[in-house]
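>>> Give me a 3D structure for the following:
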Amino acid sequence: MEYSIGILELRSIAKGIQASDEALKSAGIQLVTAQPICPGKFELVLSGQLAQVNAAMEKIRTDFSDYAVDSVLLGRIDPSVIKALLGGQPEARHGALGTIETFSVASAILAADTAVKAADVDILELRTARGMGGKGVVMLTGEVADVTAAVEAGSRYAAEQGLLVGSSVLGAPHSDLWNYV
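The predicted structure is shown next:
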């Protein structure tokens with residue numbers, strides 16, 4: 001099954017709630033999440049058929065352009081990204097550990113999707129905004145070369161948008177570190 005999702009961040013909670021209602025009324029989409037996030041922003045993640053998600057996002061971008069922080073449309077998102085968004089985690093391979101940190105939820109989700117499509121890696125965790133000042137973090141695991149390639153690929157979009165906070169690759173993380181990531 002192929003997934004299509006749209007991620008939008010607005011700088012107003014009130015306008016985010018209004019945008020969520022308009023999106024639901026304008027197209028046959030479903031909400032994956034619609035909630036306030038740090039620091040006083042609103043996260044809206046839509047799913048559905050590509051054309052419908054695109055139409056809903058365009059409506060929000062047009063009607064709420066003064067409140068937009070970031071947005072991205074992913075037409076063929078990897079299912080592991082959806083699982084990670086919903087809190088699921090694979091059994092960690094405990095190989096190399098790669099981290100991509102971004103200033104927005106949308107850029108973190110896109111980084112995760114790009115990373116898993118670029119190399120043979122697993123998403124260890126995908127944290128979005130809550131308790132992190134609105135940032136997004138994706139943690140990847142796998143073989144060193146794969147994790148390196150995935151982190152580089154996943155970081156590219158965020159860097160081009162000026163939304164990359166940082167990234168790292170640990171080839172052989174200390175065994176105790178796995179208890180905390």
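>>> For Asp21, the count of nearby residues, please.
11 (other Cβ atoms under 10 Å). C-betas here are computed from N, CA, C, even on glycine.
>>> what helix or strand is it on?
Secondary structure from DSSP states H and E places Asp21 in helix 13-26.
>>> helices and strands of this protein: which one has the lowest mean pLDDT?
helix 79-85 (a mean of 81; mean pLDDT, DSSP states H and E).
>>> quick one: it to chain centroid distance?
Distance of helix 79-85 from the chain centroid (Cα atoms, centre = their mean, to the nearest Å) equals 9 Å.
>>> quick one: buried residues of that helix?
Across helix 79-85, burial judged by 16 or more other Cβ atoms under 10 Å covers Ser80, Val81, Ile82, Ala84, Leu85.
>>> got it, and stretch 120-128?
Buried, per 16+ other Cβ under 10 Å, within stretch 120-128: Val121, Asp122, Ile123, Leu124, Glu125, Leu126, Arg127, Thr128.
>>> Dump the C-alpha coordinates for the helix ranked longest in the chain into CSV.
In the chain, taking DSSP state H as the definition, the longest helix is helix 144-160. Extracted in CSV, the C-alpha atoms of helix 144-160 (Å, rounded to 0.1, in the frame of the first residue of the first chain):
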residue,chain,number,x,y,z
VAL,A,144,28.0,2.4,8.9
ALA,A,145,28.1,3.1,5.2
ASP,A,146,24.3,2.9,4.9
VAL,A,147,23.7,5.1,7.9
THR,A,148,26.3,7.7,6.5
ALA,A,149,24.6,7.7,3.1
ALA,A,150,21.1,7.9,4.7
VAL,A,151,22.0,10.8,7.0
GLU,A,152,23.6,12.7,4.1
ALA,A,153,20.6,12.2,1.9
GLY,A,154,18.1,12.9,4.6
SER,A,155,19.9,16.1,5.7
ARG,A,156,20.1,17.6,2.2
TYR,A,157,16.5,19.0,2.0
ALA,A,158,16.6,20.5,5.4
ALA,A,159,20.0,22.1,4.7
GLU,A,160,18.7,23.5,1.4
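>>> Packing partners of it?
The criterion is 3 or more Cβ pairs under 8 Å, 6 or more residues apart in numbering; DSSP states H and E, and the helices and strands that helix 144-160 contacts are strand 96-102, helix 105-118, strand 121-128, strand 136-142, strand 164-170.
>>> between that helix and strand 164-170, how many degrees?
In terms of direction (axes from the mean of the first three to the mean of the last three Cα atoms, to 10 degrees), helix 144-160 departs from strand 164-170 by 170 degrees.
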